[in-house]
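**Q** next one to model:
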Amino acid sequence: MKKFLMGFNKFLDIIFNVLQTYSKVVLLGVVLLVSAQVISRKFLHYSIVWSEEVALLLMVWMAFISMAMGVAKNIHIRIEMFYKLFPKPVQKAAVWLGHIVTLFVGAMLMINGYKLVMATLNSTLPTTKWPSFMLYLMIPVGGFYIVYCTILHMFFPNAAKIFEDPEEEEDAQ
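**A** As a prediction, the model looks like this:
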């Protein structure tokens with residue numbers, strides 16, 4: 001069983017790394033696409049009809065992948081102004097409460113994202129005619145990775161170090 005879990009964890013890590021690289025490429029793609037649309041409209045007096053729809057799809061995908069990456073790297077938004085003033089047991093309880101809330105949000109994204117994908121299976125986007133579910137596909141995927149990374153942070157804090165970017169560590173030194 002342990003061997004299976006280790007293999008499954010490695011598989012999920014590979015997919016997570018692919019999504020992380022994809023997110024970087026998508027950001028560049030959105031910037032280029034929107035820039036091309038603005039230049040085309042302003043100087044060529046021609047509008048790239050599908051650009052807004054594709055940019056929206058890419059931004060939605062990037063947003064949900066980025067949320068999962070934020071949870072994985074433990075850099076999601078939190079307020080620490082008073083946190084350090086509390087005693088250690090209260091700090092631990094606050095961390096666990098944060099994990100539970102994050103786990104709940106990830107689970108809701110998974111469940112409701114899946115429902116949304118299923119509800120849009122038979123419709124198409126107006127301009128590109130792509131299946132509508134593509135717009136919402138990253139919601140349950142992002143939710144799954146939020147749940148996965150939160151569980152790692154809760155029960156296997158050392159295992160969560162796999163998400164740290166070696167380039168960021170070099171920059172810090």
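**Q** relative to residue 156, how far out is the residue nearest in space to the middle of the chain?
**A** With distances taken as CA atoms, centre = their mean, residue 65 lies nearest the centre of the chain, 2.0 Å away. Remark: distance between residue 65 and residue 156 (CB to CB, to the nearest Å) = 22 Å. From N, CA and C alone the C-beta is placed, and that goes for glycine too.
**Q** please apply the same query to residue 90.
**A** 24 Å.
**Q** tell me the contacts of the residue nearest to the centre of the chain?
**A** Contact analysis of residue 65 by CB atoms under 8 Å, 6 or more residues apart in numbering lists 19, 20, 22, 23, 26, 138, 141, 142, 145.
**Q** which element is the third one on?
**A** Remark: residue 22 resides in helix 2-43, with elements defined by DSSP states H and E.
**Q** toward the C-terminus, what is the element adjacent to that helix?
**A** Counting by DSSP H and E, the next helix or strand C-terminal to helix 2-43 is helix 51-72.
**Q** tell me the gap between that next one and the middle of its chain.
**A** From the chain centre to the centre of helix 51-72 is a distance of 7 Å (CA atoms, centre = their mean, to the nearest Å).
**Q** kindly export it (C-alpha atoms) in CSV.
**A** The C-alpha trace of helix 51-72 is given here as CSV (Å, rounded to 0.1, in the frame of the first residue of the first chain):
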residue,chain,number,x,y,z
SER,A,51,-9.3,36.7,-28.8
GLU,A,52,-11.5,37.8,-25.9
GLU,A,53,-13.0,34.3,-25.5
VAL,A,54,-9.7,32.5,-25.7
ALA,A,55,-8.1,35.0,-23.3
LEU,A,56,-10.9,34.5,-20.8
LEU,A,57,-10.6,30.8,-21.0
LEU,A,58,-6.8,31.0,-20.4
MET,A,59,-7.2,33.4,-17.5
VAL,A,60,-9.8,31.2,-15.8
TRP,A,61,-7.5,28.2,-16.2
MET,A,62,-4.5,30.1,-14.9
ALA,A,63,-6.5,31.5,-11.9
PHE,A,64,-7.5,28.1,-10.6
ILE,A,65,-4.1,26.6,-11.2
SER,A,66,-2.5,29.5,-9.5
MET,A,67,-4.8,29.1,-6.5
ALA,A,68,-3.6,25.5,-6.1
MET,A,69,0.0,26.6,-6.5
GLY,A,70,-0.5,29.3,-3.7
VAL,A,71,-1.8,26.6,-1.4
ALA,A,72,1.0,24.2,-2.3
